[in-house]
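A.B. asks: The sequence and its predicted three-dimensional model are supplied below.
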There are 2 protein chains.
Amino acid sequence: MTQTRTRSDRYPSRVGTEASITPRVEPVVHPGGPVSVLSDEQLAGFEREGFLLLESVFDGEEMARCRAELTAMAARAEVRSTPQAVVEPTSQDVRSIFEVHRSSAVFSELARDHRVADVARTLVGSDVYLHQSRVNLKPGLRGKEFFWHSDFETWHVEDGMPAMRAVSASVALTDNTEFNGPLMIIPGSHRSYVACGGETPERHYEQSLKRQEHGVPDAGSLTRLVEEGGIAAPKGAAGSVVFFDCNAMHASGVNLSPYPRSNVFLVYNSVENTLEAPYSGQPPRPEYLGSRDFTPLG
Amino acid sequence: MTQTRTRSDRYPSRVGTEASITPRVEPVVHPGGPVSVLSDEQLAGFEREGFLLLESVFDGEEMARCRAELTAMAARAEVRSTPQAVVEPTSQDVRSIFEVHRSSAVFSELARDHRVADVARTLVGSDVYLHQSRVNLKPGLRGKEFFWHSDFETWHVEDGMPAMRAVSASVALTDNTEFNGPLMIIPGSHRSYVACGGETPERHYEQSLKRQEHGVPDAGSLTRLVEEGGIAAPKGAAGSVVFFDCNAMHASGVNLSPYPRSNVFLVYNSVENTLEAPYSGQPPRPEYLGSRDFTPLG
């Protein structure tokens, strides 16, 4: 398709060119935020690695309440039938439910909790709003893998997020172990932008949430990133939170344990980095994937 | 189909009944073998856990020679086109090559090496022959998972192996890490026989090597085994060998690292446990999957 590109695009991807790696433009930690809740060591670790694991942020009772809410939501027919719910075609398992900060009081409260949101404000150096929220359920013995990807690549190309100034928080509702498909990150990968080959088909999100075929980094780039940074799996117990940069290359394996692995995924974007038109030249994805309500969290 | 069952079958499975767990009949370690190369502690560990990891059995040069042989074999068109080669339908990657102790001098020598074969003789308490051999290649970024299974269930039902008196050796040609889909075992599971529901279709092996649908343990049995024994991943460096009981429930995850995970898999059966007619009532699988040459290894 013909694309009109009048804006400058600092991170072009899927524009019919070859895959490539270019350096990140923005800083990783943006100073000057309204609060500062991390130590110098924690800030340096996030700057260097692109992620930060905080243990015991929430207690057992809080996580049990979230798990009960998630189980109840995933069982409700009126939730399962919405576009916000991603249902596994073969098993009929609910894999994810998006926009839970709007559909659930429990998750709305979690997303606004200062123990999480203040870390995001510290890292992006400003007030924040929620670009996306979801719960992920990786059922025991059946949970599938997610291949390596940078969220920012998709948010930039398909949602119009201009710069790398967003941070994701993955709140562990269940213990993460090496056997239940925990989050894996390539340390240092957040400082490199992997542009992907190909283009973006129309309404790509309708299939990409089940099986991603566009915006997938190439093997050469992934190998180079792993050769430089290795692979880390910041496995925390239930109640822990992994914060990771929007451009950190991450993945997760299958869940071969008999127990579910569940988390709440909260994406905090800087209010100074609000969405523009998607860089793919196509219409923006639905609100539940990339919110255009830029009201700062209270 | 109608099956005539005149023999007694101590481990019935896939005979149209429900899944069930019954206790193992035979001992785990069979005394009285021609050699004894394990310590009391190692024997007790194998008896209890169903596996034993031995580090640095082979040196770097020996493993490099095996890797070169494997790479050369997987590239040869006349190897890839044999029934012994399992080729991934989408990527055309070679996933496994069977019967390498017959087709390759390098792997034949490895299979007969006393550092491995004597451990097998010690555990099964007799001379041994090779029931099966294969090399497994789990390519970086593309290697698939294997779901939980007991090899003995298949060897009993489809090959006619009467009793649990065989041991597998997995020789690591590359380092095993938590990121490249290492072998996972449920400790203690070798003492329980999980009979599977359903029946065995004819020529089941033609598709089961790519995607197993029969002889798959049920979620309830797996959960019970893991609740009792947990999950272990005996990750060794290249040159290490994991010995595991023929009835140990095992699996492996995807390889999300950019590097291949390769091993040589050698199945030593006791010469006092040679194959009979398959308990499925169907013709035996081909020689390269379950050998009927019971000549003891020298």
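C.D. replies: Noted; the coordinates are in hand. It should be emphasised that the depicted structure is a prediction, and the values quoted were computed from it without experimental measurement.

A.B. asks: Would you mind identifying the next helix or strand past the helix-or-strand element of chain A with minimal mean pLDDT?
C.D. replies: Using mean pLDDT, DSSP states H and E, the weakest-scoring helix or strand in chain A turns out to be helix A:205-208, at a mean of 74. Later in the chain than helix A:205-208, the nearest helix or strand by DSSP states H and E is helix A:219-229.

A.B. asks: Quick one: list the elements packing against that next one.
C.D. replies: strand A:20-23, strand A:192-195 (3 or more CB pairs under 8 Å, 6 or more residues apart in numbering or on different chains; DSSP states H and E). All C-beta atoms are positioned from the backbone trio N, CA, C, and that covers glycine.

A.B. asks: Point out the most buried one among the ones you listed.
C.D. replies: Mean neighbour count (mean count of other CB atoms under 10 Å in any protein chain shown) peaks for strand A:192-195 among these, with a mean of 23.

A.B. asks: Let me know whether that one sits next to chain B.
C.D. replies: No: taking CB under 8 Å from any CB of the partner chain as the criterion, strand A:192-195 and chain B are apart, separated by no less than 13.2 Å.

A.B. asks: ok, back up a step: so what touches the least confident helix or strand of chain A?
C.D. replies: A:154, A:158, A:213-215, A:285-286, A:289 (CB atoms under 8 Å, 6 or more residues apart in numbering or on different chains).

A.B. asks: give me phi/psi at A:Ala72?
C.D. replies: Backbone torsions for A:Ala72, taken as degrees, to the nearest 10, come to phi -60, psi -40.

A.B. asks: count of residues packed around it?
C.D. replies: Neighbour count for A:Ala72, taken as other CB atoms under 10 Å in any protein chain shown: 12.

A.B. asks: Repeat that for the one 3 residues further on.
C.D. replies: Summarising burial for A:Ala75: neighbours were counted as other CB under 10 Å, giving 10.

A.B. asks: How about A:Ala105?
C.D. replies: When neighbours are defined as other CB under 10 Å, A:Ala105 has 9 of them.

A.B. asks: And for A:Glu55?
C.D. replies: 11.

A.B. asks: go on, A:Met184?
C.D. replies: For A:Met184, the count of nearby residues is 22 (other CB under 10 Å).

A.B. asks: Report the beta-bridge partners for it.
C.D. replies: Beta-bridge partners for A:Met184, by DSSP bridges, are A:Ala251.

A.B. asks: quick one: contacts for it?
C.D. replies: Taking CB under 8 Å, 6+ apart, we find A:Met184 in contact with A:231-233, A:250-253, B:179, B:256.

A.B. asks: can you redo these as JSON lines with neighbour count and distance to A:Arg48?
C.D. replies: Formatted as JSON lines, those follow (neighbours: other CB atoms under 10 Å in any protein chain shown; distance: CB to CB, whole Å):
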{"residue": "A:Ile231", "neighbour count": "22", "distance to A:Arg48": "15"}
{"residue": "A:Ala232", "neighbour count": "18", "distance to A:Arg48": "12"}
{"residue": "A:Ala233", "neighbour count": "20", "distance to A:Arg48": "17"}
{"residue": "A:His250", "neighbour count": "27", "distance to A:Arg48": "16"}
{"residue": "A:Ala251", "neighbour count": "21", "distance to A:Arg48": "20"}
{"residue": "A:Ser252", "neighbour count": "26", "distance to A:Arg48": "22"}
{"residue": "A:Gly253", "neighbour count": "26", "distance to A:Arg48": "25"}
{"residue": "B:Phe179", "neighbour count": "24", "distance to A:Arg48": "20"}
{"residue": "B:Leu256", "neighbour count": "24", "distance to A:Arg48": "22"}
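
A.B. asks: from the residues you listed, which is closest to A:Ala195?
C.D. replies: Lowest distance from A:Ala195 to these (CB to CB) belongs to A:His250, with 17.4 Å.

A.B. asks: Who are the contact partners of the closest one?
C.D. replies: A:148-151, A:183-186, A:244.

A.B. asks: what bits of chain A have low per-residue confidence?
C.D. replies: For chain A, applying pLDDT under 70 flags the ranges A:1-6, A:209-213.

A.B. asks: if we go to 90?
C.D. replies: Applying pLDDT under 90 to chain A flags the ranges A:1-8, A:14-20, A:88-93, A:142-144, A:196-216, A:280-281, A:298.

A.B. asks: Tell me how many other residues crowd the residue lying closest to A:Gly239 once chain neighbours are set aside.
C.D. replies: Excluding the flanking residues, the one nearest A:Gly239 by CB to CB, 6 or more residues apart in numbering or on different chains is A:Phe58, at 4.3 Å. Number of residues near A:Phe58 (other CB under 10 Å) recorded here: 21.

A.B. asks: Torsion angles phi and psi at A:Phe58?
C.D. replies: Per-residue torsions, A:Phe58: phi -120, psi 150 (degrees, to the nearest 10).

A.B. asks: Quick check, A:Ala166 in contact with A:Val267.
C.D. replies: Yes: between A:Ala166 and A:Val267 there is a contact at 6.1 Å, judged by CB atoms under 8 Å.

A.B. asks: what's the overlap in contacts for these two?
C.D. replies: A:131, A:246.

A.B. asks: circling back to that earlier point, next, format the contacts of A:Met184 as TSV and append distance to A:Ser91.
C.D. replies: Output for the contacts of A:Met184, formatted as TSV (distance: CB to CB, whole Å):
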residue	distance to A:Ser91
A:Ile231	28
A:Ala232	30
A:Ala233	25
A:His250	24
A:Ala251	21
A:Ser252	18
A:Gly253	17
B:Phe179	26
B:Leu256	22
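
A.B. asks: show me what contacts A:Arg48?
C.D. replies: By CB under 8 Å, 6+ apart, the contact set of A:Arg48 is A:187-188.

A.B. asks: quick one on the thing from earlier: from the contacts of helix A:205-208, which is closest to chain B?
C.D. replies: The shortest approach to chain B among the contacts of helix A:205-208 belongs to A:Glu213, at 12.1 Å (CB to the nearest CB).

A.B. asks: For the contacts of A:His250, could you give me a markdown table that also reports distance to A:Glu227?
C.D. replies: Below are those laid out as a markdown table (distance: CB to CB, whole Å):
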| residue | distance to A:Glu227 |
| --- | --- |
| A:Trp148 | 14 |
| A:His149 | 19 |
| A:Ser150 | 17 |
| A:Asp151 | 22 |
| A:Leu183 | 21 |
| A:Met184 | 16 |
| A:Ile185 | 15 |
| A:Ile186 | 10 |
| A:Phe244 | 20 |
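
A.B. asks: Chain B versus A:Asp9, what's the distance?
C.D. replies: In this view, A:Asp9 and chain B are 28 Å apart by CB to the nearest CB, to the nearest Å.

A.B. asks: Identify the residues contacting stretch A:53-69?
C.D. replies: By CB under 8 Å, 6+ apart, the surrounding residues in contact with stretch A:53-69 are A:104, A:106-107, A:110, A:115-116, A:119, A:171-174, A:234, A:236-243, A:262, A:264.

A.B. asks: gap between the residue nearest to A:Gly239 and B:Asn136?
C.D. replies: Using CB to CB, to the nearest Å, one gets 41 Å for the distance from A:Phe58 to B:Asn136.

A.B. asks: Kind regards, and thank you for your time.
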